[in-house]
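A.B. asks: test case, fold it:
(chains A and B)
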There are 2 protein chains.
Amino acid sequence: MNEIPTVFWLVPIASVVALSMAWYFFSKMMQAEEGTQRMIEIAEHVRKGAMAYLKQQYKVVFYVFVALAILFAFMAYVLKVQNPWVPFAFLTGGLFSGLSGFFGMKTATYASARTANAARKGLNEGLRIAFRSGAVMGLVVVGLGLLDIALWFLILNHCYRGDNMALITITTTMLTFGMGASTQALFARVGGGIYTKAADVGADLVGKVEANIPEDDPRNPATIADNVGDNVGDVAGMGADLYESYCGSILSTAALGATAFAMNGDMQLKAVIAPMIIAAVGIFLSLIGIFLVKTKEGATMKDLLHSLGLGTNISAVLIAIATFIILYLLGIENWLGVSFSVISGLCAGVIIGQATEYYTSQSYKPTQKISEASQTGSATVIIKGVGTGMISTCIPVVTICFAIMLSYLFANGFDLSMSAGSMSRGLYGIGIAAVGMLSTLGITLATDAYGPIADNAGGNAEMSELGEEVRHRTDALDALGNTTAATGKGFAIGSAALTALALLASYVEEIKIAMVRAAGEGQQFLDTAGNIFNPNNASITDFMNFFQVNLMNPKVLVGAFIGAMAAFLFCGLTMGAVGRAAQSMVEEVRRQFQEIKGILEGKATPDYSRCVEISTRGAQREMIIPSVMAIVIPIIVGIVLGVAGVLGLLVGGLSAGFTLAVFMANAGGAWDNAKKMVEEGHFGGKGSACHKATIVGDTVGDPFKDTSGPSLNILIKLMSMVSIVMAGLTVACM
Amino acid sequence: MNEIPTVFWLVPIASVVALSMAWYFFSKMMQAEEGTQRMIEIAEHVRKGAMAYLKQQYKVVFYVFVALAILFAFMAYVLKVQNPWVPFAFLTGGLFSGLSGFFGMKTATYASARTANAARKGLNEGLRIAFRSGAVMGLVVVGLGLLDIALWFLILNHCYRGDNMALITITTTMLTFGMGASTQALFARVGGGIYTKAADVGADLVGKVEANIPEDDPRNPATIADNVGDNVGDVAGMGADLYESYCGSILSTAALGATAFAMNGDMQLKAVIAPMIIAAVGIFLSLIGIFLVKTKEGATMKDLLHSLGLGTNISAVLIAIATFIILYLLGIENWLGVSFSVISGLCAGVIIGQATEYYTSQSYKPTQKISEASQTGSATVIIKGVGTGMISTCIPVVTICFAIMLSYLFANGFDLSMSAGSMSRGLYGIGIAAVGMLSTLGITLATDAYGPIADNAGGNAEMSELGEEVRHRTDALDALGNTTAATGKGFAIGSAALTALALLASYVEEIKIAMVRAAGEGQQFLDTAGNIFNPNNASITDFMNFFQVNLMNPKVLVGAFIGAMAAFLFCGLTMGAVGRAAQSMVEEVRRQFQEIKGILEGKATPDYSRCVEISTRGAQREMIIPSVMAIVIPIIVGIVLGVAGVLGLLVGGLSAGFTLAVFMANAGGAWDNAKKMVEEGHFGGKGSACHKATIVGDTVGDPFKDTSGPSLNILIKLMSMVSIVMAGLTVACM
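C.D. replies: The predicted structure follows:
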């Protein structure tokens, strides 16, 4: 047991504060009026559909978790190739991640009608409800995340002896709860993503294109399913996703800190808790930011934009300053350098956010050109969008490359010698840069999550026939969110890449631990010269040489090929899933238009629940294969190709997957906004041939940006997590 | 000087035989009648347009070559970091590759009217002319390739002393003529690809979709440009491309052979010439195959298919058998194992070809499902196509992984120790597997190249108003080609991946040579411990350790990110280029329809040449940036990140680029055939809403499969080639 420094208690305190504030915002929101009878009814429909879906999804995920937990228990207690805490840590990670999604969605479904009702009074009132509800989600995610981290750290620290190896074991064991979170997140993103896009594409194709009725029209049978989709995909999915990113970055950095300072007990503990402290302080700074988002009565659109921007920017600047102070006070070795690593990460996040904005907003050339291409039909819209998306990978990738090099070099004092010490400190710098980017997740997630709430409020307004003005206001809120969310998105994308790199390093450590354990059980590791290999004393070069991890080894190359292919295959499977699920939705909507007389005249009510059911079933069925694939591939590669193959797999998957994810997200975003630009009156406006052409682009872009693209970020990290947790098995198969 | 064994003379002899037979087939074809006055005129138009384009393209490429040659001369004679032969070798590679394209295209443009004319008599007559003209192209490519190889080998062997180092220097110097070929090929593929798709997309969008006139209608001003495009893209581009693949695989294998058997002078020479001998024998076997493709008068479609399949399959089987005999007679160490490496490659090629066929032919489910998706509009066609394309990467990548492992293990006797000797022999096995796949290029290219000839013959028939029947026959010939070309395509894709791997290994060798040269000039190489590093005695592990090429080095990871991004960026740029060039074409065609009265009634002749000019200018302008990018990126990475960065770049580029290339090629192919399926009468047939939806898919697929996809294979290899040639500079910057 290590003596826990007092400052550590900031972590559980911050977590409790976050959860209390979330509760406070939630109850304040619940006090607001929900509006007319019709509004309440519709919100009820959506809420029920969303909860029914979540229940169904959690049921499927539950079986997967039980199966995996049994596997881990078998590995831990029978094969003895796994730490005994792993099955439990894995389960809590999944549970807490699921809770984040659940609470976020519960809030969102209660908030939508209230936001619509408030928007009847004014823009400002709408913003307040929607933003505070988004903040509930943000605070729940960071609160639950830090709670889980603090609890496990306290438990494990209590159980292990206080030597240098202990903290390495503790932190790598905690990584397995990251795997629980990743698994839950992947299912949530994939399932939710398929659900929402099947409903959306289905509703649009028949409603907008064939029957010529507007978006969210109550005559469209798929319209409730579409609104449910926004909740289960954009809210619950995003919540689980960012819970995973947040915990993943903190846990992997803690594990890297334990390795980097293994020779220095005091410093080691500080390095392990540093990312947790930064995250804890980030919560308080996020709260400051959240309270800064308020406007006077009768605020203009510009005021609102300013106010939102102020909140996020001030939080980001404050955390940058706070990092220097925290690391200095903690007394981290080379605290100035490590702080600059965090700054590199923050700058990278801002640049990626700006680049994303440039390539996807209708204020800039790339998206305008896509709109323009609609004059020559939908084919050129698609070609232009694919081209733009691919080109848009350049700035984010180059920026990430700079962030990697800089955060590495700052943290190890510009030492390129690759000695064991300098390298692990450099990697710690990469990890902590990711933590910096995500530390103000409380507020950045709020600006991200309130978009779908505003969107749903718009749906509610439309179906309740509240009139044009309310809809305009909710649309404005949604657009506002899109603009301010850029920075948050940049942080999310950038931190995913950096965290994945940190996990790569953790994998190497975990293999070493597994070897020590196996050596204790009598397994012998001989190198090619026949000498016994001692993982404890091995430098990174020794390690790589022992496992023949070198870029000429065909196993590494085969691994890299499979990694790149896995990213494409995963996207292909999810795209196909959306296509199939959308197809059944289209058929159902067409059937209802034909069979239920009077729907289109508004005289008969469509059978909404049947559409909800179809989406639910479709998503459940289709999410299994791609998600299981992500878990199975690294296991097989580990068994067949060993450590060399797994490292190739992770590097290939990371480089190709990250680039592919940026491409898909940006192409999708650009198509969406190109359509909005036409709808605003350019190139013929709504209903013109150009509009139809851009709708095709938007429809194609939907699964790009909301299903396949965001799931890829999780896939990359989950593959690393699985490799880490399976390290014991890989070593046993050697 | 090494004593050249008599059997080597087979190589120049085979080359002369190939060129003579090409000449013979060409003159036979020229004796056939060209048809009516109108047919001759149209062929003349297309020929002139194509030649004008090629002249223009070669002019631009000439400047690039002069600039690069000056750079190499500067490096060789002033900086002295480069072999003095490099500038010359580079130039001949470019020249010969250009000649392959030129002769192939010349033949194709003479053959199209003659094929159309022959098709007036019957299917069989059409096949004979078209296939023999395709064979001209195939034979010119292999003939010129072996000629260049034989000449340079004789010259360099004459100039260097006959020690073990000599053959390594000779073979790596010869690799630079591979870089000349790659550079030429990239420009040809990118420029030709942009040209052909701009014309095609432009012609289709206005002609088919807006004005509702059929394909190749003489009233369409872009129709000549479209036919010119088939020649400059599909014929000249493909010729330069496969010239590069063919030479690249032989040269890199020769270089690997020189390293693998460096300790054994006699065996070393044998290992160097073995790939050349296999290729030479392949020429004779291809000729047998070509002569087997003949049918009786009044042959049915089935007979023709059987006859074409017979030719390619017999050649493939014969080369498999011949390999065992050649390697046995040459007395190559472990000849049986190396022969099995070749067999692994051949099997992989067949499997990849079959998988390509499965995912892109309308006889199978995936493409049928894309057709089916047209019932819900063009958006679902695109989603389904993208999904299918991504899923289709699985089998080729897994197959290539097996081919890599098996050809490696067969060649080094299942030795996984990664000792220097075992590894280089394994890599030699990977290289020679690629040579086996391309050795019968004479016939596989014939089946590939005759497709565009038949297509052009169809265009000629349409414009000359020869009637439905002739068009049907040329369409049948084209379809026939598509079916039999699958194996050839599988070989081309698979060999590209294997060759790229072989080039990776050659890069390591070239760096060693550059270090030896630099050490001779006084540069010292100290490792981290301060000891002098001797590249001559270094095992691959020593080498990787010295350069810190390990998967945890941020330089390697950054390299991998940039490599993956480069593949996407390159595709994005070429897609964008096609979009822009097509846009100007669309505007021009619309202008002509408006301004020249009576075009649509067939009373006025459109201004074909203006469209040809627009395509030419567009392609010239747009091909520069992506092509130069491919050359510049590895140079910059080499200078900034050193050897570790370059190896990361090449692995990242190869794994992501290969997967991306397969995705784009297959998605494009599937969309094309999904459209054909509708045109054959499914889902409403020609003119239906479903047809329009599939046309959108086909139009998007055009740049996927004919511009970006095929260029990627060259990009991957060119990046390796550039790295190899720039090795001296990288070492000097250390």
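A.B. asks: going forward, measure contacts between C-alpha atoms and count neighbours the same way
C.D. replies: OK.
A.B. asks: give the contact list for the one residue sitting closest to the centre of chain A.
C.D. replies: Residue closest to the average C-alpha location in chain A (CA atoms, centre = their mean): residue A:241, at 3.3 Å. Taking CA atoms under 8 Å, 6 or more residues apart in numbering or on different chains, we find residue A:241 in contact with A:182, A:185-186, A:188-189, A:714.
A.B. asks: hmm, the helix of greatest length in chain A touching chain B?
C.D. replies: Assignment by DSSP state H gives helix A:608-679 as the longest helix of chain A. Yes: residues of helix A:608-679 contacting chain B under CA under 8 Å from any CA of the partner chain: A:647, A:651-652, A:655-656, A:659.
A.B. asks: angle of the helix or strand encompassing residue A:694 against helix A:608-679?
C.D. replies: Element membership for residue A:694, per DSSP states H and E: helix A:689-703. Interaxial angle, helix A:689-703 versus helix A:608-679 (axes from the mean of the first three to the mean of the last three CA atoms, to 10 degrees): 120 degrees.
A.B. asks: other residues contacting helix A:689-703?
C.D. replies: So helix A:689-703 is contacted by A:193-194, A:197, A:201, A:209, A:371, A:374-375, A:377-379, A:381-382, A:385, A:575, A:578, A:664, A:667-669, A:671-672, A:674-675, A:678-679, A:683-685, A:709, B:378-380, B:382-383 (CA under 8 Å, 6+ apart).
A.B. asks: give me the mean pLDDT for it.
C.D. replies: If you average the pLDDT over helix A:689-703, you get 92.
A.B. asks: send the alpha carbons of that helix over as CSV?
C.D. replies: Provided in CSV are the C-alpha atoms of helix A:689-703 (Å, rounded to 0.1, in the frame of the first residue of the first chain):
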residue,chain,number,x,y,z
ALA,A,689,-33.0,19.9,-58.5
CYS,A,690,-29.8,21.1,-56.7
HIS,A,691,-31.5,20.5,-53.4
LYS,A,692,-32.4,17.0,-54.3
ALA,A,693,-28.8,16.4,-55.4
THR,A,694,-27.5,17.6,-52.0
ILE,A,695,-30.0,15.5,-50.2
VAL,A,696,-28.4,12.5,-51.8
GLY,A,697,-25.1,13.7,-50.5
ASP,A,698,-26.5,14.3,-47.0
THR,A,699,-28.1,10.8,-46.9
VAL,A,700,-24.8,9.1,-47.9
GLY,A,701,-23.0,11.3,-45.3
ASP,A,702,-25.3,10.3,-42.5
PRO,A,703,-23.8,6.8,-41.8
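A.B. asks: distance between it and the chain's centre?
C.D. replies: Taking CA atoms, centre = their mean, to the nearest Å, the mean C-alpha location of helix A:689-703 is offset from the chain mean by 26 Å.
A.B. asks: thinking again about what came up before, could you work out the most separated pair of the residues of helix A:608-679 next to chain B?
C.D. replies: A:647 and A:659 (18.3 Å; CA to CA).
A.B. asks: next structured bit after the helix or strand harbouring residue A:339?
C.D. replies: If you go by DSSP H and E, residue A:339 is part of helix A:335-360. Once the chain leaves helix A:335-360, the next helix or strand it forms, by DSSP H and E, is helix A:365-373.
A.B. asks: how many neighbours does residue A:174 have?
C.D. replies: Using other CA atoms under 10 Å in any protein chain shown, residue A:174 has 27 neighbouring residues.
A.B. asks: before we move on, the earlier item: relative orientation of the helix holding residue A:339 and helix A:365-373 in degrees?
C.D. replies: Using the same axes, to 10 degrees: helix A:335-360 against helix A:365-373 is 20 degrees.
A.B. asks: show me what helix A:335-360 is packed up against.
C.D. replies: When contacts are defined as 3 or more CA pairs under 8 Å, 6 or more residues apart in numbering or on different chains; DSSP states H and E, helix A:335-360 sits against helix A:301-330, helix A:365-373, helix A:394-411, helix A:420-438, helix A:468-520, helix A:608-679.
A.B. asks: in CSV, list the ones you listed along with mean pLDDT, mean neighbour count and distance to residue B:544.
C.D. replies: Compiled in CSV, the helices and strands packed on helix A:335-360 are given as follows (pLDDT from 0 to 100; neighbours: other CA atoms under 10 Å in any protein chain shown; distance: least, CA to CA, whole Å):
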stretch, mean pLDDT, mean neighbour count, distance to residue B:544
helix A:301-330, 89, 19, 36
helix A:365-373, 94, 23, 42
helix A:394-411, 96, 24, 20
helix A:420-438, 91, 30, 16
helix A:468-520, 84, 23, 18
helix A:608-679, 93, 25, 14
